[in-house]
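**Student:** Fold the following.
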Amino acid sequence: MSARIALSILFTIAMLWLWLPYFFAPKEQIQIVKPITNIPDYIATDLKQTYFSDLGTVSHKVTAEKMSMYQELGFTHFVKPQFTIFSEQGVWQLKAEEATLYDNEKLILEQNVIAKSLTTDVMLDTIEAASIEYFISTKIMTSDSEVKMTGPGLEIKGQGLNANLEEQVINLINHTKTTYYDQ
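**Tutor:** Next up is the predicted model:
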């Protein structure tokens, strides 16, 4: 019997020796992370805002049926927005079904986008596309989608667009068709 007791004690000591680090291991600290939610920080309906340049002149105006601002995610979403852009060379109005503004710099307009020149005597007065990106500080407008541009007696279709609204320079990336109309 003493051999059984000695063997049991030896087995218990071996088990304690093997399991001892587990009992005294430092506990993992649980970090509570606040999840990012899809709840906007701010919602505005029937939005009307005017932005001014550093010189005090009107830079652009924004109207929208609804605006939802997600500060933590770094963007603002607009429903039925209309952006009026003022430059020394003219005034443009951008409309869409939806738009998203990232870091108050990059504006992505989507679904039935229409850019209309409110300046008279221009060669092109309307640009239509499925989506357009507009960079506020440089006043550059780009698109990779199908584009239709119209002016007095003129219709141009193509794929992709680069436009500098400050300099009134519009480049069609891939031209597909131009139609001239008699007036």
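**Student:** All the helices of this protein, residue numbers only.
**Tutor:** If DSSP state H is used as the criterion, the helices of the chain fall at 2-24.
**Student:** to the chain's geometric centre, what's the distance from the helix or strand of it with the lowest mean pLDDT?
**Tutor:** One helix or strand of the chain scores below all others by mean pLDDT, DSSP states H and E: helix 2-24, with a mean of 77. On the basis of C-alpha atoms, centre = their mean, to the nearest Å, helix 2-24 sits 64 Å off its chain's mean C-alpha point.
**Student:** separation between the closest residue to residue 115 other than its chain neighbours and residue 158?
**Tutor:** Closest residue to residue 115 apart from its sequence neighbours, by C-beta to C-beta, 6 or more residues apart in numbering: residue 127 at 4.1 Å. Any C-beta I mention is one placed from the backbone N, CA and C, and that applies to glycine too. In this view, residue 127 and residue 158 are 11 Å apart by C-beta to C-beta, to the nearest Å.
**Student:** So for these two, which residue has more residues nearby?
**Tutor:** Each of residue 127 and residue 158 has its neighbours counted (other C-beta atoms under 10 Å); residue 127 has more, 25 against 18.
**Student:** okay but the more buried one is in contact with residue 151, surely?
**Tutor:** No - if you go by C-beta atoms under 8 Å, residue 127 and residue 151 don't touch, sitting 9.9 Å apart.
**Student:** was I right about residue 45 contacting residue 66?
**Tutor:** Yes - with contact defined as C-beta under 8 Å, residue 45 counts as touching residue 66 (5.3 Å).
**Student:** Fine, thanks again, bye for now.
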